[in-house]
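Enquirer: everything below, folded, please.
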Amino acid sequence: MAKYSNIAVIYGSDSSEWEVSCRSGEFTASRIDDTRYSIYEIFARFGKWELVAFRKKDSMRVTFPEGARPRVDRNDFSVSVYGEKIKLDFVYVMQHGKPGENGLLQGYLEMLGIPFSSCSAFVSAMVFDKYACKSYLRGVPFVKLAPDTFIRKGADVEAFCKDFSLEFPVFVKPTDGGSSFGITKVNEPSGLADAINYAFTEGDTVIIEKGISGRELTCAAFIDGGSVKTLPLIEIVSENEYFDYDAKYNGHSKEICPAPVPEDVAALVQQTTAKVYSHLGCKGVVRVDYILAEDGLYFLEVNTIPGMTSASLVPRMVRTAGIDMTDFLTTVIENS
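Expert: From the prediction side, this is the model:
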């Protein structure tokens, strides 16, 4: 018997990633088992939470036209549909960026006592900030970290650049962004200030990391029956200088699954992913990105709400593992 009855899939966001989030959310909602649950799709952006569509157990999907969508009552996270008040008792979070990936949505749900699919509010907030996340991993014996530094908006950028000591090339990133928004690869000191100011358009703090040469690998982990399981690796080969937005979403990259690496390397990445997942206290489906360099495996970042479109990395891993996507989502829901 299912633990929950009414599953809310919440997508859209207050960030630049909101359109990608919608595609992820729609795909996820379409694959949740409607023989076990009723599914309610909620579009949430800048405080406006609306029911876009719903699919009652063993029934057809019903959509609402824009302007006639029922509003979500955020006092108890319920929605009225044709005069019936529906209490939503589980949330599948598919908001890329704020507020679904930085802990704000999770904090709201925790206060209401509503279970959800992703990491806790604290872990989400900590992991969402790339610099904070790396700080939690400094000193661990199982993965390497690229040298880095960070700067906060309002600091003297010119003075920061003058005293900058990392070896070029470097990657300049907003600490709390995703989908490669605001990221620049900087090959020469002359481009550093502009890259920092560009990153500030996406957030208030910026991390600058030494570029590590190697193969880009990614692996996902989730909980099944109380233990951490991992999925097959993917190697990302970008046609661009790095895996930027264009490469991710406009087809300018090859995403090879399973990654063509020796078995011992695949096992190392999967074991490291499980250790990172446990060390940070993650929950739900989490994807961890790496660079495999000549001197070892380097951690890049954690994605607590990874993309879930039909072409996204995690669904591709799931298919390669021979797992039915609907069964996989049921596992995530029932183990949350």
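Enquirer: helix, strand or coil: sort out Ile223 for me.
Expert: For Ile223, the secondary-structure state derived from DSSP: H, G, I helix; E, B strand; the rest coil is strand.
Enquirer: please report the distance of it from Ile32.
Expert: Going from Ile223 to Ile32 by C-beta to C-beta, to the nearest Å gives 18 Å. C-betas here are computed from N, CA, C, even on glycine.
Enquirer: what are the structural domain limits within the protein?
Expert: Split into domains by automatic domain parsing, the chain comes to 6-116, 126-145+213-334, 148-210.
Enquirer: for Leu109, give me its contacts.
Expert: Contacts here follow C-beta atoms under 8 Å, 6 or more residues apart in numbering; on that basis Leu109 touches 77, 91, 115-116.
Enquirer: surely it forms part of a strand?
Expert: No - Leu109 is assigned helix when assessed by three-state DSSP, not a strand.
Enquirer: begin at 597 from now on, thanks
Expert: Fine by me, first position is 597 from now on; the one you just mentioned is Leu705.
Enquirer: what separates it from Trp645, distance-wise?
Expert: Distance from Leu705 to Trp645, by C-beta to C-beta: 13 Å.
Enquirer: circling back: can you say which of the contacts of Leu705 are buried?
Expert: 673, 687, 712 (16 or more other C-beta atoms under 10 Å).
Enquirer: got a list of what the nearest residue to the first one once chain neighbours are set aside touches?
Expert: Take Phe673 and drop its neighbours on the chain: the residue closest to it by C-beta to C-beta, 6 or more residues apart in numbering is Leu684, 5.3 Å away. Contacts here follow C-beta under 8 Å, 6+ apart; on that basis Leu684 touches 602-604, 636, 673-675, 710.
Enquirer: just the ones of those residues in strands?
Expert: Applying DSSP state E to the contacts of Leu684, the entries found in strands are 602-604, 636, 674-675.
Enquirer: just give me the closest of the buried ones among the contacts of Leu705 to Gln866.
Expert: Taking C-beta to C-beta as the measure, Phe712 is the one of the buried ones among the contacts of Leu705 closest to Gln866, at 25.6 Å.
Enquirer: thinking again about what came up before, now rank the ones in strands among the contacts of Leu684 by neighbours and give me the top one.
Expert: Ala604 (29 neighbours; other C-beta atoms under 10 Å).
Enquirer: measure the closest residue to Pro770 other than its chain neighbours to Cys853 for me?
Expert: Take Pro770 and drop its neighbours on the chain: the residue closest to it by C-beta to C-beta, 6+ apart is Gly799, 3.6 Å away. As judged by C-beta to C-beta, Gly799 and Cys853 stand 31 Å apart.
Enquirer: kindly report the same for Ser932.
Expert: Ser932 sits 25 Å away from Cys853, going by C-beta to C-beta.
Enquirer: buried residues in the helix or strand where Cys618 lies?
Expert: Applying DSSP states H and E as the criterion places Cys618 in helix 614-627. For helix 614-627, the neighbour count (16+ other C-beta under 10 Å) marks 614, 616-627 as buried.
Enquirer: pLDDT weak spots in the stretch 647-796 of the chain?
Expert: The stretch 647-796 of the chain contains residues with pLDDT under 70 at 773-776.
Enquirer: one more time with 90, if that's ok
Expert: 693-694, 772-778 (pLDDT under 90).
Enquirer: follow-up on the earlier one: and which of the buried residues of helix 614-627 is nearest Met656?
Expert: Taking C-beta to C-beta as the measure, Met656 sits nearest to Ser626 out of the buried residues of helix 614-627, at 12.4 Å.
Enquirer: any idea how far that closest one lies from Met921?
Expert: Distance check for Ser626 against Met921: by C-beta to C-beta, it reads 9 Å.
Enquirer: next: Phe724.
Expert: Taking C-beta to C-beta, one finds Phe724 at 26 Å from Met921.
Enquirer: looking only at neighbour counts, state which of those two leads.
Expert: Neighbours were counted for Phe724 and for Met921 using other C-beta under 10 Å; Phe724 has more, 26 against 18.
Enquirer: residue contacts, that one?
Expert: With contact set as C-beta under 8 Å, 6+ apart, Phe724 has these partners: 697-699, 772, 900.
Enquirer: how about stretch 658-675 as CSV, C-alpha atoms only?
Expert: The C-alpha coordinates for stretch 658-675 follow below in CSV (Å, rounded to 0.1, in the frame of the first residue of the first chain):
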residue,chain,number,x,y,z
VAL,A,658,-7.1,17.5,-16.5
THR,A,659,-5.5,20.9,-17.3
PHE,A,660,-6.6,24.5,-16.3
PRO,A,661,-6.2,27.4,-18.7
GLU,A,662,-4.1,30.3,-17.5
GLY,A,663,-6.2,32.8,-15.6
ALA,A,664,-8.5,30.0,-14.3
ARG,A,665,-6.0,28.0,-12.3
PRO,A,666,-6.9,27.2,-8.7
ARG,A,667,-4.6,28.9,-6.2
VAL,A,668,-2.8,26.8,-3.6
ASP,A,669,-3.7,27.7,0.0
ARG,A,670,-0.3,28.0,1.6
ASN,A,671,-1.7,28.0,5.1
ASP,A,672,-2.0,24.2,4.9
PHE,A,673,-0.7,23.4,1.4
SER,A,674,-4.1,22.4,0.0
VAL,A,675,-6.0,23.3,-3.2
